[in-house]
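Colleague: Predicted model, plus sequence, below.
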Number of protein chains: 2
Amino acid sequence: MTSLRLAPGGTGSLVEQLKQEIERRVRNGVLRPGDRLPSARGLAGELGIHRGTVAAAYSELAEDGILASHVGRGTFVTEEAARILPAASPEGGTFRWRDHFAGFEPPPRVAEIETALARSGEPGMISFVRNIPDEALFPAEAFRKSLNEVLREQGGALLSYAAPEGHDVFLEFVREYLARERGVGMAEDQLLIVNGSQQAMDLIARTFLRPGDTVLVEEPSYSGALDLFRGHGARFVSVPVDAEGILVEEMEPVLARERPKLIYLMPTFQNPTGGCLSPARRHEVVRLSARYEVPVVEDDFDGELWFDEPPPPPLKSIPGSEGVLYIGTPSKMLFPGLRIGWIAAEAPVVRRLSRVRRVADLSGSPLLQAALARFASTGALLRHMKMVRRAYGERLEKLLEALARDMPPGITWTTPRGGLSLLVSLPEGLDSGDLLRDAAEEGVLFTPGQMFFVNDGARHLRLSFGSVPTEKVGEGAKRLARAVRRALGRGPRRTRSRGGLSLPTV
Amino acid sequence: MTSLRLAPGGTGSLVEQLKQEIERRVRNGVLRPGDRLPSARGLAGELGIHRGTVAAAYSELAEDGILASHVGRGTFVTEEAARILPAASPEGGTFRWRDHFAGFEPPPRVAEIETALARSGEPGMISFVRNIPDEALFPAEAFRKSLNEVLREQGGALLSYAAPEGHDVFLEFVREYLARERGVGMAEDQLLIVNGSQQAMDLIARTFLRPGDTVLVEEPSYSGALDLFRGHGARFVSVPVDAEGILVEEMEPVLARERPKLIYLMPTFQNPTGGCLSPARRHEVVRLSARYEVPVVEDDFDGELWFDEPPPPPLKSIPGSEGVLYIGTPSKMLFPGLRIGWIAAEAPVVRRLSRVRRVADLSGSPLLQAALARFASTGALLRHMKMVRRAYGERLEKLLEALARDMPPGITWTTPRGGLSLLVSLPEGLDSGDLLRDAAEEGVLFTPGQMFFVNDGARHLRLSFGSVPTEKVGEGAKRLARAVRRALGRGPRRTRSRGGLSLPTV
């Protein structure tokens, strides 16, 4: 018979657990009438429990008519067992699925985030939770026209598989766009089109990381990247950021000592602080990557969203940046629903990533790629970027004004010049996970800082202003200030220990 | 300094390799003017080579002005070195990328397949290589109308992120479609929308497999699945198929002995044979899955493409099939370019897969999901399926007729009643990898059998007739018969050893 196991977190006495386990196996047909069970002594040894426990379970099941003992022959499943314990229904759930989950470990669900996301839709609520652009600004009608044009012109070809590297017209658009708009000159075999920047990072992690490998990240960093690298079994070393980005002078000793397999950076308008790496530091990062031969993942997810002047060119535009794996996407500058992103890297890296991508999901949609290339070719993409720079810049300005006006002393925040978010820091003793409850009562939501920090982060919180209508930004900041004052009024509490966010009970 | 390595496959003498390695490090700034090199004795010990080799390399580099030795102090990089060996350009490629690739191992490229795919587009060539539907049959115009309708009605909301589980209207369509058309009744929390069936399999592999785990597969099976499971470090146990699908009576001892973590099956019109699992065997597979508590991945990629009568309902429709992870897709019955697929499984499995999917690529495109749901709601999907069943059925009929008429004796083939492919078997001594060259000269292409077999397969080849125009199917078979006769005329050759397909030289 299939060897019996007892679930590590099983409830009830051992006798009860063993009985249930045997009954389960009768229900799902693993144990069938006439099957012989192991001896009480043998099973007890296998499970590391007392022989009397097994004997008691057998005896109680015999009383129920499920088992029968025959002196000198052993213990058997009775003919009646199948009637007493009918087969499990498909809904019944006899598989212990948890025992089967063995591979990639997804991040735990975080109760605070789930609550914040769920409550973001409540009437009157002002939510700074999601780091997304505002769908009210999406040029749906202009994009619809581009979709129609390419589908009318090319028909079925756009409904078949794309090449794993990407649709050729779209690849050419990205090549030209990166060279003209971002100063990143790449050949066509140095580009790969993927399903958004999250897939870009996942393909890179699958290609470069083994469990136990080290990744150097900014402190704080993007939670989706931390979750992903953690899922791949990575450990982190983190280097703090200031307004000019990661402290490069602290990177070299870490590189020398820890030999990380990857460096993950958002040089431009990083998530969550909105900080921007200075030109001098960009050059130093490129030098360090080459000197220590450590690839840098440059996540340029929102580099287009500058509000006063363009940011310095990406790392990938700097001579000697062959170790830089550049990621771009239209998700923030345009809209995210196309699930499109791109990787610019040396040809051997692109070839390898492309082969991993082929087994991951074959390819992206050629229709959406062709439509986006057409949309851009009409000039609509550049026009849209001009418009959203103004719109998000205005929201940021209003947010900064309101924070300055309403926040009590001792609260600080970053002052980005682009992007969709900023980071607020609370005084010692306040915990942003706790504050979220006060804030929700005031009618405002944010993302607790712990999501973004490798080491603690409880004193911080992220405000993502991109999807908050301009006229509500100030009111949102005012409500947050009220919540902070309430929390301060209660006096400092013990800061929760590292990783203090709670897991949902379901 | 970074410890020096010599590439395993390096060319040239050891002295030459060592010189190049040091020069590379000067070029990319890892070694800089004034840096001291290890002693010749120390480095020789580290690399396991003769001390004289290191001394010779140092001495030649000193002659070139790159290094300088100072008695009693050691060997240093000169100030001139940086000028003599200028920094590598971004194109120069000083990273040894192969050393960085450490994670997921993609399948090797196979020269025969690349050649067959590349030559498929040659004028006059008849290609049975790709197992895809015919884009000339795609209802591009009707789909364009559906796209327009939903985008006009819902605008920006369809251009934002979808829920990771899928767009709600599309989830409801899939739920209703599976219940009505396939007899698979699932609740909404038992469904997950993904990027095509390849991503479905990848998510399942990431969730259920660790390197070294065993997967039970049909012999032969789908090459894309074998590649994927191999990439995850799985080993295979295989059970042969006949016209009624996998030999279930051979499964039980394998399950008892090998304890696989997953069973991967294509019960309906499997790739490559086109065989269809009988109702009795379907029930036995479900019983075995429950009895041994091994999940079954049911890849139902083309179950809709029947030509005379509907196939038996999927495993997932059978009571007690809670262990079945069902995969469906519109890619074959409609078109593949939307990159859409679905998984139907117990809710705990769907929850877990959804969390893995979230870090893999967040979500699919809500626009394409909404458009497909609309397209189906007009009745266009069912009408299209009626049309393609006739079209592909006719192609299969013509192919079977031509094979019967033209093939020399000793050649056999499967006779599917649905799907897009069949398997041809050659007499002992012929190798389909070799035959492909003869066939290409005759103007016809196919996929060699080794791609689909765990154990050899050299005597087999797959003909995918879906994308070959009806009027060319017969001519294609005639050309293949000519190639076979040519190969037979040369007399039997030694069959190449297992895995005999060759890797491309580039």
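Modeller: All right, it came through fine.

Colleague: What are the buried residues along the longest helix anywhere in chain A?
Modeller: If you go by DSSP state H, chain A has its longest helix at helix A:380-406. Along helix A:380-406, these residues count as buried under the neighbour rule (16 or more other Cβ atoms under 10 Å in any protein chain shown): A:380-381, A:384-385, A:388-389, A:391-393, A:395-396, A:398-400, A:402-403, A:406. All C-beta spots, glycine's among them, are computed from the backbone N, C-alpha and C.

Colleague: Would you tell me what the next helix or strand after that helix is?
Modeller: Going down the chain from helix A:380-406, the next helix or strand is strand A:412-413, by DSSP states H and E.

Colleague: and that following strand, what does it pack onto?
Modeller: With contacts defined as 3 or more Cβ pairs under 8 Å, 6 or more residues apart in numbering or on different chains; DSSP states H and E, strand A:412-413 has these neighbours: strand A:421-425.

Colleague: With just CA atoms, put the strand it packs on into PDB.
Modeller: The C-alpha coordinates for strand A:421-425 follow below in PDB (Å, rounded to 0.1, in the frame of the first residue of the first chain):
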ATOM      1  CA  SER A 421       5.200  57.200  -6.400                       C
ATOM      2  CA  LEU A 422       7.000  58.600  -3.400                       C
ATOM      3  CA  LEU A 423       8.000  57.300   0.000                       C
ATOM      4  CA  VAL A 424       6.800  58.700   3.300                       C
ATOM      5  CA  SER A 425       8.900  58.100   6.500                       C
END
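
Colleague: List the pairing partners of it within its sheet, with orientation.
Modeller: strand A:412-413 (antiparallel), strand A:460-464 (antiparallel) (DSSP bridges).

Colleague: mind checking which of those is nearest residue A:272?
Modeller: Shortest distance between residue A:272 and the strands paired with strand A:421-425, using Cβ to Cβ, is found for strand A:460-464: 3.9 Å.

Colleague: what angle sits between the closest one and helix A:380-406?
Modeller: Orientation note: strand A:460-464 sits at an angle of 130 degrees relative to helix A:380-406 (axes from the mean of the first three to the mean of the last three Cα atoms, to 10 degrees).

Colleague: residues of the following helix or strand past strand A:460-464 that come out buried?
Modeller: Using DSSP H and E, the helix or strand that follows strand A:460-464 in sequence is helix A:470-489. By neighbour count on 16+ other Cβ under 10 Å, the buried set for helix A:470-489 is A:472-474, A:476-484, A:487-488.

Colleague: And the residues you listed, which is closest to chain B?
Modeller: In terms of Cβ to the nearest Cβ, no member of those lies closer to chain B than residue A:472, at 17.8 Å.

Colleague: Can you tell me the closest non-neighbouring residue to that closest one?
Modeller: residue A:126 (5.3 Å; Cβ to Cβ, 6 or more residues apart in numbering or on different chains).

Colleague: Let's see the pLDDT reported for that neighbour.
Modeller: Model confidence at residue A:126, given as pLDDT, is 98.

Colleague: what's the answer for residue A:70, then?
Modeller: The model's pLDDT for residue A:70 equals 82.

Colleague: Please name the residues that touch the residue nearest to it when sequence neighbours are not counted.
Modeller: Computed as Cβ to Cβ, 6+ apart, the closest residue to residue A:70 that is not its neighbour in sequence is residue A:76, at 6.8 Å. The contact partners of residue A:76, by Cβ atoms under 8 Å, 6 or more residues apart in numbering or on different chains, come to A:34, A:35, A:36, A:37, A:67, A:68, A:69, A:70.

Colleague: out of those, which are buried?
Modeller: Buried among those by 16+ other Cβ under 10 Å: A:37, A:67, A:68.

Colleague: from those, which is closest to residue A:251?
Modeller: Nearest to residue A:251 among the buried ones among the contacts of residue A:76 is residue A:37, at 61.6 Å by Cβ to Cβ.

Colleague: secondary structure class for the nearest residue to the closest one once chain neighbours are set aside?
Modeller: Spatial nearest neighbour of residue A:37, chain neighbours left out: residue A:75 (4.5 Å); criterion: Cβ to Cβ, 6+ apart. Using DSSP: H, G, I helix; E, B strand; the rest coil as the criterion, the local structure at residue A:75 reads strand.

Colleague: so residue A:75 bridges to which residues?
Modeller: residue A:69.

Colleague: do you know how far it is from residue A:35?
Modeller: From residue A:75 across to residue A:35, the span is 10 Å (Cβ to Cβ, to the nearest Å).

Colleague: Look up how far residue B:197 lies from the residue sitting nearest the centre point of chain A.
Modeller: Centre of chain A computed as the mean C-alpha position; nearest residue by Cα atoms, centre = their mean is residue A:224, 2.6 Å away. Between residue A:224 and residue B:197 the computed distance is 25 Å (Cβ to Cβ).

Colleague: cool, residue A:44 as well?
Modeller: As judged by Cβ to Cβ, residue A:44 and residue B:197 stand 46 Å apart.

Colleague: Same check on residue A:437?
Modeller: From residue A:437 to residue B:197 the distance is 43 Å (Cβ to Cβ).

Colleague: what does residue A:402 give?
Modeller: Distance check for residue A:402 against residue B:197: by Cβ to Cβ, it reads 49 Å.

Colleague: What lies in contact with stretch A:474-494?
Modeller: A:126, A:128, A:398-399, A:401-403, A:406-408, A:410-411, A:424, A:426-431, A:434-435, A:438-439, A:441-444, A:446, A:463, A:468.

Colleague: and residue A:38, helix, strand or coil?
Modeller: Local secondary structure at residue A:38 is given as coil here, using three-state DSSP.

Colleague: Residue A:437 and residue B:197: who's more crowded?
Modeller: Neighbours were counted for residue A:437 and for residue B:197 using other Cβ atoms under 10 Å in any protein chain shown; residue B:197 has more, 27 against 12.

Colleague: The more buried one and residue B:299 touch, don't they?
Modeller: Yes: counting by Cβ atoms under 8 Å, residue B:197 does reach residue B:299; the two are 6.3 Å apart.

Colleague: okay, and the common contacts of those two?
Modeller: Counting by Cβ under 8 Å, 6+ apart, the shared contacts of residue B:197 and residue B:299 are residue B:327.

Colleague: Closest residue of the stretch 401-506 of chain A to chain B?
Modeller: Checked against chain B (Cβ to the nearest Cβ), the nearest residue in the stretch 401-506 of chain A is residue A:467, 9.1 Å away.

Colleague: ok, and the closest non-adjacent residue to residue A:293?
Modeller: Going by Cβ to Cβ, 6+ apart, residue A:293 has residue B:95 as its nearest residue, at 6.1 Å.

Colleague: Roughly how far does that neighbour sit from residue B:459?
Modeller: Here the criterion is Cβ to Cβ. By it, residue B:95 lies 43 Å from residue B:459.

Colleague: How about residue A:305?
Modeller: In this structure, residue A:305 and residue B:459 are 59 Å apart, going by Cβ to Cβ.

Colleague: neighbour-wise, which of these two wins?
Modeller: For residue A:305 against residue B:459, the residue with the higher neighbour count under other Cβ under 10 Å is residue A:305, and the figures read 25 against 19.

Colleague: Just confirm that one contacts residue A:333, I think it does.
Modeller: Yes: judged on Cβ under 8 Å, residue A:305 makes contact with residue A:333 at a distance of 6.2 Å.

Colleague: which residues are common contacts for those two?
Modeller: Residues touching both residue A:305 and residue A:333 by Cβ under 8 Å, 6+ apart: A:385, A:388.

Colleague: Now name the helix or strand holding residue A:16.
Modeller: helix A:14-27.

Colleague: Which elements pack onto that helix?
Modeller: If you count contacts as 3+ Cβ pairs under 8 Å, 6+ apart, helix A:14-27 packs onto helix A:51-63.

Colleague: So for the helix it packs on, what gets flagged as buried?
Modeller: Taking 16+ other Cβ under 10 Å as the basis for neighbour counts, the residues of helix A:51-63 that come out buried are A:53, A:54, A:55, A:56, A:57, A:58, A:61.

Colleague: out of these, what pair is the most spread apart?
Modeller: Greatest spatial distance in those: A:53 and A:61, 12.8 Å, computed using Cβ to Cβ.
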